[in-house]
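K.L.:
Here's my sequence, what's the structure:
(one chain, ligands or ions: 2)
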Amino acid sequence: MREGHNNVIYRSDYQAPAFWVDTVELTFDLDPAKTRVLNKMKVRRNADVVPQALRLDGEELNLARVLVNGQGTSFKLENNQLVLENLPEGYEAFDLEIFTTCCPAKNTKLMGLYVSNDSFFTQCEAEGFRRITYFLDRPDVMASYSVLLRADKAAYPVLLSNGNLVEQGALEEGRHYARWIDPFKKPSYLFALVAGQLVAREQRITSRAGKEHLLQVYVRPGDLDKTEHAMNSLMASVAWDEARFGLSLDLERFMIVATSDFNMGAMENKGLNIFNTKYVLASQATATDTDFGNIESVVGHEYFHNWTGNRITCRDWFQLSLKEGLTVFRDQEFSMDLAGAPSARAVKRIEDVRVLRTAQFPEDAGPMAHPVRPDQYLEINNFYTVTVYEKGAEVVRMMQTLVSTRPSDPLGREGFARGMKLYFDRHDGSAVTCDDFAQAIADANPDSKLAQLLPQFKRWYSQAGTPRVKAQGHYDAASSIYNLTLTQSCLATTGQAEKEPFVIPIGLGLLGLDGRELTNGMHVLTQASETLSFPGLQDEPVPSILRAFSAPVILEFDYTDAQLLTLLAHDSDPFNMWEAGQRLAVNRALSFIAQEGLTAGDIRLDAPYVEAMRTILRHPTLDAAFKELVLTLPAETYLAEQLDVVDPQRIHAVREGMRQQLAEALYEDWQWVFEAHRESGAYRPDSVSSGRRALTGLALTHLCLASRTSGDTVWPGKAYQRFKDAGNMTDRFNALAALVTSGHALAGDALQRFHAMFKDEALVLDKWFALQAGAPDRGGNVLPAVKQLMKHADFNIRNPNRARSVIFSYCSANPGGFHRADAAGYVFWSDRVIELDGMNPQVAARLARALDRWKKLVEPMRSAAREAIARVAAKPDLSNDVREVVTRALAD
Ligand code: TRP
Ligand code: ZN
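P.N.:
Ligands and ions are numbered 1, 2, ... in the order given. Predicted coordinates:
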């Protein structure tokens, strides 16, 4: 597939490093145009490897000097490596001193050392450290770091690095210095420094173990009032990891620093986490409930990496899910535990599954499909994926499920915590593999299903693709036996034609016709096909299969509407209750899509479905947040995955038509919902009140949509009023979105006012851009609007958040607007991929993935999409990042 390019990296080629680096002493003279880096290392040969040259990685560096044991030495520079052949023999450590310079001001890739808003930041994962100095830039080389930072004191009053501040003081010419020592060994990807004009919110805490710690959240001077929630989230994270896993903070000081120029969400550098401002800054005036929730989970995620990722790290980048899958699992559990009530936990679970099914399932079915532990890559940055993260988290979750051995531990939490303890006993301080992790969890639970099935279970790490489980029920009235046959299969993916059966834990309940629960349990499917027998049933039961979404699979069962309505009304498992509603909607959407010549205006939803939705809306005890999830139709991308040939326009029209119907048929119910769930009192981002706001927001959208056909102006008027008066960003933005979504005439004015209100709030402007770029397409109006937005004075393609808010919101999150018959969306996409690739390949490659599923498109879109991808692929000097994505897209 990638013939002609010999730089593919294979997992099977792993070799231990030929040298170890024991200590690193770095001295930085920080200057945006020319930063000088002195790197003094103690290096020694790895006795387990045949003697060979030392090859140090380095990119975009100017090399001034290399000294071995204080003496000049010969060296070569070969494909971004510094090669040293004449090194001391034997296994004694020697001194290696390397002096280089780099230019942070020109670093638009935001990898390595770069400047953002006149401050210095670093991003080293995965391979950014080599853009700072020559190094054995691989995660299995762990060293002790001591860092001396020197910079102009007025311009860079704050100087931070990993670990503890051991010394600071003044230098001549208005400069100053700070020395930091990290007490823990770490791989180079966890190195960080920050220098600039920053202020910190501080909090002193005492751990359960009685130790004192200083927590700090650093931001730009005007942003201090938006750091309370991040700090609260950090304190909650510290407490949670102690309570649930007995893992305490191992540093005297733990710092979070926010920057507005960042390629991803955040980074877990040891003791010095660096965050995208989007996942730190929040106030009720500027952040939505979703933002508050995301901050909580990302702060938790990065903090939890301190143990799962930093104390035990990855042997090589193929093991990325060792830390990411596990840490996503941990942050999901953290958010669920904080949510508290079972229904709030279920809401979080549904949200997580929704991400998995709308993003990871398509990835697993597309050209970038790869196992949770990939076998090869051209550019590792391309493998920070929903498969490694979210599917990886599901694999860890299944392990937890499969170590439940007693009724007192139904979810397997105790067994899993035992496994974690063994994992740390065995591997603390080292760089290990996914096998090591699975082995520890299994060994700590020798009587568990996981231990019995470990080799087969590990196929989840090695086989790509989403398994399908087909369930077929057969009820025999004469014998009163219900047989349920479960058959698993998995489609071929690139390089993996045949798949072996997976170990699939299947939460399973049976309901009587009256909705009463007859049985509930967990079946572990291991064969290609198995039949379960349930004797003694008076009637054919309704099966509730894959409860709590117990495995990341596609479940096929030919449910009748009556069965789905029973599950929606009575299932004791909230996930499957929600799922029944989604299936009802999917079935209807697919049948509308299949009807030739049907237009959005022809769509009529049947009474039983509408009544079921009404019952949910009016339900006396269900949570508002849960109702909002049930009443939200399946995403267009989810519907697309159910089809072999995809016409995005048609899917969009059908989903819009269904939504319009729900708006009109439930008009009075939406009105009631809106009035009944009004919040009074102070804003709090907790799950109950955020659920109420989510549901009223959904109601407002539907009420404004209904006004499109009724001509009534009351609700758009109310939405506009709420937009103006709202006391928090959630209500304000939902009201604005209701006007934009319904295409009401007031939308333009509201958008203008919104911009004027928040012109100095970058994160709010991102929302403003994203809302317009993601608006429902009406006659092809979005693309011209997007092009206009790119000319806006506040647009800046170099800022990843801003680029994402406009370009990604359109290309990746607005299928109805993007997939145009005239191919103009694709031309726009290819121009932007090429433009971004010139400055930031990582961001460009993410955008490149917007056309992953082009092969499913209906003509003429399919050909037009292929042409657009080919146009990108034909460009000389593409980055490895984009080249890998487009080459794979065009393969076969
Ligand atoms: N390890 C980080 C996390 O999951 C994410 C990350 C990986 C990252 N590579 C990055 C962040 C590059 C920024 C830039 O928390
Ligand atoms: Zn992570």
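K.L.:
Give the buried residues for the helix or strand Gly325 falls within.
P.N.:
Gly325 is part of helix 320-339, with elements assigned from DSSP states H and E. Along helix 320-339, the positions that meet the burial threshold by neighbour count (16 or more other CB atoms under 10 Å) are 320-336, 338-339. (Each C-beta comes from the backbone N, C-alpha and C, glycine too.)
K.L.:
Contact residues of this protein facing ligand 2?
P.N.:
324, 327 (CB under 5 Å from the ion).
K.L.:
Relative to its centre, which residue of the chain is most distant?
P.N.:
Ranking residues of the chain by C-alpha distance from their mean position (CA atoms, centre = their mean) puts Ala478 at the top, at 51.2 Å.
K.L.:
Could I get the contacting residues of the residue in the stretch 701-850 of the chain that ligand 1 sits nearest to?
P.N.:
Here the stretch 701-850 of the chain gets closest to ligand 1 at one residue, Gln842, 6.9 Å apart by CB to the nearest ligand atom. Contact analysis of Gln842 by CB atoms under 8 Å, 6 or more residues apart in numbering lists 109-111, 263, 381, 881.
K.L.:
Now, these that are in helices?
P.N.:
Filtering these for membership in helices, criterion DSSP state H, returns Asp881.
K.L.:
Within reach of ligand 1, which of the contacts of Gln842 are there?
P.N.:
Asn263 (CB under 6 Å from any ligand atom).
K.L.:
quick one: secondary structure of the residue of the stretch 351-500 of the chain found nearest ligand 2?
P.N.:
With CB to the ion, the shortest gap between the stretch 351-500 of the chain and ligand 2 falls at Tyr389, namely 7.1 Å. The three-state assignment at Tyr389 reads helix, by DSSP: H, G, I helix; E, B strand; the rest coil.
K.L.:
Isn't it up against Phe329?
P.N.:
No. When contacts are counted by CB atoms under 8 Å, Tyr389 is not listed as touching Phe329 (9.8 Å).
K.L.:
My impression was that Phe416 belongs to a helix - is that right?
P.N.:
Yes. The assignment for Phe416, made by three-state DSSP, places it in a helix.
K.L.:
Excluding sequence neighbours, find me the nearest residue to it.
P.N.:
In space, and not counting its chain neighbours, Phe416 is closest to Gln400: 4.1 Å by CB to CB, 6 or more residues apart in numbering.
K.L.:
Gly774 now?
P.N.:
In space, and not counting its chain neighbours, Gly774 is closest to Ser809: 4.3 Å by CB to CB, 6+ apart.
K.L.:
neighbours of the one residue in the stretch 551-700 of the chain that gets nearest to ligand 1, just the number please.
P.N.:
Nearest residue of the stretch 551-700 of the chain to ligand 1, counting by CB to the nearest ligand atom: Pro552, 19.1 Å away. Using other CB atoms under 10 Å, the number of residues around Pro552 comes to 27.
K.L.:
Just confirm it is within a strand.
P.N.:
No. With the criterion set as three-state DSSP, the secondary structure at Pro552 is coil rather than a strand.
K.L.:
got the residues of the stretch 251-400 of the chain near ligand 1?
P.N.:
263-264, 266-268, 301-302, 324, 384.
K.L.:
Strands - which of these land there?
P.N.:
266-267 (DSSP state E).
K.L.:
What's the ChimeraX line that selects buried ones from the residues of the stretch 251-400 of the chain next to ligand 1?
P.N.:
Selecting only the buried entries of those in ChimeraX, with 16+ other CB under 10 Å as the criterion:
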select :263,264,266,267,268,301,302,324,384
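K.L.:
Pick out whichever of the residues of the stretch 251-400 of the chain next to ligand 1 sits closest to Met577.
P.N.:
Within those, distances to Met577 taken as CB to CB reach their minimum at His301, with 28.4 Å.
K.L.:
hang on, isn't that closest one packed against Met267?
P.N.:
No. His301 lies out of contact with Met267 (CB under 8 Å); the separation is 10.5 Å.
K.L.:
can you give me the helices for the stretch 451-600 of the chain?
P.N.:
For the stretch 451-600 of the chain, applying DSSP state H, counting those that start in this stretch gives helices covering 459-462, 561-570, 574-594.
K.L.:
where's Arg204 relative to Asp182, distance?
P.N.:
Separation of Arg204 from Asp182 (CB to CB, to the nearest Å) stands at 21 Å.
K.L.:
what about the closest residue to Gly507 other than its chain neighbours, neighbour count?
P.N.:
Nearest non-adjacent residue to Gly507, counting by CB to CB, 6+ apart: Arg547, 3.1 Å away. As a burial measure, the neighbour count of Arg547 was computed by other CB under 10 Å and equals 20.
K.L.:
Now for Arg547: which residues touch it?
P.N.:
Residues near Arg547 by CB under 8 Å, 6+ apart: 507-509, 520, 573, 575-576.
K.L.:
Could you do Phe557 as well?
P.N.:
Counting by CB under 8 Å, 6+ apart, Phe557 touches 470-473, 543, 545.
K.L.:
Cys124 too?
P.N.:
With contact taken as CB under 8 Å, 6+ apart, Cys124 is in contact with 111-112, 132, 188-192, 267, 269.
K.L.:
Return the closest of these with respect to Thr730.
P.N.:
Distance from Thr730 was checked for each of the contacts of Cys124 by CB to CB. The minimum falls on Met267, at 27.7 Å.
K.L.:
For the closest one, give its distance to His305.
P.N.:
Using CB to CB, one obtains 9 Å as the distance from Met267 to His305.
K.L.:
CA atoms of stretch 638-647 as PDB?
P.N.:
Extracted C-alpha coordinates of stretch 638-647, given in PDB (Å, rounded to 0.1, in the frame of the first residue of the first chain):
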ATOM      1  CA  TYR A 638     -24.800   7.300  12.800                       C
ATOM      2  CA  LEU A 639     -27.500   6.900  10.300                       C
ATOM      3  CA  ALA A 640     -24.900   7.000   7.500                       C
ATOM      4  CA  GLU A 641     -23.200   4.000   9.100                       C
ATOM      5  CA  GLN A 642     -26.300   1.900   8.800                       C
ATOM      6  CA  LEU A 643     -26.300   2.300   5.000                       C
ATOM      7  CA  ASP A 644     -24.200   0.900   2.200                       C
ATOM      8  CA  VAL A 645     -24.700   3.800  -0.100                       C
ATOM      9  CA  VAL A 646     -24.800   7.200   1.600                       C
ATOM     10  CA  ASP A 647     -26.600  10.200   0.300                       C
END
